[in-house]
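Novice: Give me the fold of what follows.
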Amino acid sequence: QVQLVESGGGLVQSGGSLRLSCAASERTVVSYAMGWFRQFSGKEREFVAAISWSGGYTRYADSVKGRFTCSRDGAKNTVYLQMNSLKPEDTAVYYCAAGDIYPSGTASPAPSDFDYWGQGTQVTVSS
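Specialist: As a prediction, the model looks like this:
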């Protein structure tokens, strides 16, 4: 059973940084594609970033490209989302996810591309 636990959310001022962590059950991050999604209040979850099981491929939503970096540490079974230059519009609940196949297609990855989810962590960016 894959288990994912996010941490690192909180309140930060506009322009600040946060690093989210997703602690996964053993060997998950080296066996599955890992992703980050976020959900604004009253909205569907939207894709933020993904990293392949090898760590060799990453992709980002246009809205975070150049500001967010997704990485993984296989030894610690943890995936990270480093978020810099945060904006109030980044305020959302952030979710970590794991899936069998890295979403490499041209379409933006969907929640249905991932099979396992964490409980989410709140990120609030004040103006």
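Novice: and the residue nearest to G10 when sequence neighbours are not counted, how far is that from G66?
Specialist: Take G10 and drop its neighbours on the chain: the residue closest to it by C-beta to C-beta, 6 or more residues apart in numbering is L18, 6.5 Å away. Using the backbone N, CA and C atoms, a C-beta is placed for each residue, glycine as well. Spatial separation of L18 from G66 under the definition C-beta to C-beta, to the nearest Å is 16 Å.
Novice: Which one's more surrounded, the two?
Specialist: Residue environment comparison for L18 versus G66 gives the larger neighbour count to L18, 20 against 9, counting by other C-beta atoms under 10 Å.
Novice: V29 against T78, yeah?
Specialist: Yes - with the criterion set as C-beta atoms under 8 Å, V29 and T78 qualify as a contacting pair; they are 6.8 Å apart.
Novice: Please tell me how far the nearest residue to S25 once chain neighbours are set aside sits from P109.
Specialist: If you skip the residues right next to it in sequence, S25 has Q3 as its closest partner in space, 4.4 Å away by C-beta to C-beta, 6+ apart. Applying C-beta to C-beta, the value for Q3 to P109 is 21 Å.
Novice: Much appreciated, bye for now.
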